[in-house]
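# got a sequence here, can you model it:
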Amino acid sequence: MFFFDRREDILTGVYEMKYSAPSKIQERALPLLLEDPPRNMIGQSQSGTGKTAAFVLTILQRVDPSLPVTQAICLAPTRELARQIIDVVGTMSKFTSITSTCVIKNFDFKEKISSHVVVGTPGSILYAIRSRHLDTRNIKVFVLDEADNMLEQNGLGDQSLRIKRAIVKNPQIILFSATYATRVEKFASQFAPDAVKLTLKKSELTVEGIKQFYMDCPSANSKYDALCNFYDLLTVSQSIIFCKANEIARRMTENGHTVVSLHGGMCSEERDLIMDGFRYGEFKVLITTNVLSRGIDILQVSLVINYDMPELPEGGVDVEAYLHRVGRTGRFGRTGVSLNFVHDKDSWDKMNFVEKYFNRPIHRLSIDDLQETERIIKSMI
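Down below sits the predicted model:
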């Protein structure tokens with residue numbers, strides 16, 4: 001299946017992930033990642049394309065399980081993504097003696113970390129290194145996932161570079177980013193020098209299999225009414241609703257609809273409980289701010305609603321955030337649906353900009369015939 005034949009124990013773990021054939025990014029990246037001597041790589045790839053399996057497979061292939069020292073570090077911008085990556089590491093290394101640890105906020109630093117693979121957020125990993133709980137002298141592979149998201153969050157890019165400088169040897173450096181704007185390109189070149197680069201054309205950026213729609217609502221209040229009318233549709237599989245304020249979740253709950261909410265103001269334990277419950281199907285409808293738009297893989301999600309279009313701090317639409325949002329559905333070749341609510345000139349302009357930017361049609365659905373709209377969406381999910 002894949003591009004190596006030396007580690008049957010790892011290959012068994014790959015099949016445990018239900019992979020039967022490599023994805024496009026795996027076909028392109030793995031032959032380069034597994035070359036000897038190791039090469040640095042900068043890869044542009046959205047979540048839901050199999051990139052996590054590609055870099056995890058590379059890590060496992062490079063690790064020597066007979067040496068009881070940390071040999072690989074993987075950085076993720078959020079605790080949710082770090083926990084997801086460590087799950088993949090655990091599954092793919094299930095039939096090996098390779099050990100792994102997730103180092104995120106509230107990690108118990110009682111003793112020195114000796115796991116072969118360490119996954120975590122930059123702040124927690126940097127603390128582990130500075131407090132001498134994590135030894136970086138034997139690092140063979142250093143991975144940075146979601147680089148564009150790292151740069152959007154204050155300090156994460158700088159912390160990642162500090163961690164890199166703490167690694168004494170020259171490890172294989174792997175950096176992935178869904179988008180590749182100038183600032184990301186500059187950072188990537190600094191982070192992973194002399195790297196082979198795999199980039200995507202703009203036309204390749206939208207995840208295949210996503211059907212994009214919009215609904216022209218008469219007012220901001222009518223958006224809420226439409227959302228409530230769609231509640232039965234939201235629970236056919238699982239749905240994520242992106243909005244600016246947590247008020248929408250409160251109003252829906254007060255109106256008798258079962259929803260859960262995730263936002264940046266929550267403590268770590270609350271976020272973990274909600275994410276685990278949603279991941280395992282306990283909750284059907286998740287309302288969230290942009291905190292969840294990056295990198296979270298929940299296979300059952302078939303509908304994403306942009307209640308509010310994503311905005312840049314300086315104004316205008318955030319096309320990168322839009323890409324990450326709609327990427328919550330249609331993952332790994334599955335069909336998914338995204339629905340944008342527009343209600344005024346500003347939201348209309350944002351949606352039109354997105355349509356032109358990605359050169360992919362966003363089709364109109366009627367708010368006046370919700371039964372027909374529901375039929376159309378149901379036929380696709």
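# and residue 127, what does it touch?
residue 109 (Cβ atoms under 8 Å, 6 or more residues apart in numbering). Every C-beta, even on glycine, is put in place using the N, C-alpha and C of the backbone.
# surely it is within a helix?
Yes: the assignment for residue 127, made by DSSP: H, G, I helix; E, B strand; the rest coil, places it in a helix.
# ok, it to residue 54 distance?
Distance, residue 127 to residue 54, using Cβ to Cβ, to the nearest Å: 28 Å.
# repeat for residue 341
Plainly put, residue 341 is 35 Å away from residue 54 if you go by Cβ to Cβ.
# of the two, which one has the most company?
Using other Cβ atoms under 10 Å, the more surrounded residue of residue 341 and residue 54 is residue 54, with 27 against 24.
# distance check, the more buried one against residue 176.
Residue 54 sits 9 Å away from residue 176 when distances are taken as Cβ to Cβ.
# which neighbours do these two have in common?
Jointly contacting residue 54 and residue 176 under the rule Cβ under 8 Å, 6+ apart are residue 43.
# next one: phi and psi at residue 144?
Main-chain dihedrals, residue 144, degrees, to the nearest 10: phi -120, psi 110.
# what's the spacing between it and residue 104?
Residue 144 is 16 Å from residue 104, by Cβ to Cβ.
# between the two, which has more neighbouring residues?
Per other Cβ under 10 Å, whichever of residue 144 and residue 104 has more neighbours is residue 144, with 29 against 21.
# would you mind giving me the confidence score for the more buried one?
As predicted, residue 144 sits at a pLDDT of 97.
# tell me the contacts of it?
Neighbouring residues of residue 144 by Cβ under 8 Å, 6+ apart: 74-75, 150, 160, 173-176, 191-192.
# need the helix or strand of the chain with the lowest average pLDDT.
helix 319-326 (a mean of 81; mean pLDDT, DSSP states H and E).
# show me what it is packed against.
Other helices and strands packing on helix 319-326, by 3 or more Cβ pairs under 8 Å, 6 or more residues apart in numbering; DSSP states H and E, are strand 301-306, strand 336-342, helix 345-358.
# and the closest residue to residue 24 other than its chain neighbours, how many residues sit next to it?
Of all residues not flanking residue 24 in the chain, residue 49 sits nearest, at 6.9 Å (Cβ to Cβ, 6 or more residues apart in numbering). Number of residues near residue 49 (other Cβ under 10 Å) recorded here: 23.
# may I ask you to confirm that residue 286 belongs to a strand?
Yes: assessed by three-state DSSP, residue 286 belongs to a strand.
# test my guess that it contacts residue 238.
Yes: when contacts are counted by Cβ atoms under 8 Å, residue 286 is listed as touching residue 238 (7.5 Å).
# any shared contact partners between these two?
residue 278.
# compare those two (neighbour count), which wins?
residue 286 (25 against 22).
# and the more buried one, bridged to which residues?
residue 240, residue 260 (DSSP bridges).
# for it, give its distance to residue 318.
Look at residue 286 and residue 318: by Cβ to Cβ, they are 20 Å apart.
# and residue 166, how far from residue 288?
34 Å.
# okay, the two: which has more neighbours?
residue 288 (23 against 16).
# need the pLDDT of residue 364.
pLDDT, residue 364: 94.
# kindly report the same for residue 335.
68.
# repeat for residue 64
Looking at residue 64, its pLDDT reads 96.
# that one belongs to a strand?
No: per three-state DSSP, residue 64 lies outside any strand segment and is coil.
# now it: closest residue in space, sequence neighbours ignored.
Going by Cβ to Cβ, 6+ apart, residue 64 has residue 71 as its nearest residue, at 6.8 Å.
# repeat for residue 197
In space, and not counting its chain neighbours, residue 197 is closest to residue 42: 4.8 Å by Cβ to Cβ, 6+ apart.
# how would you label the one you found: helix, strand or coil?
Relying on three-state DSSP, one would call residue 42 strand.
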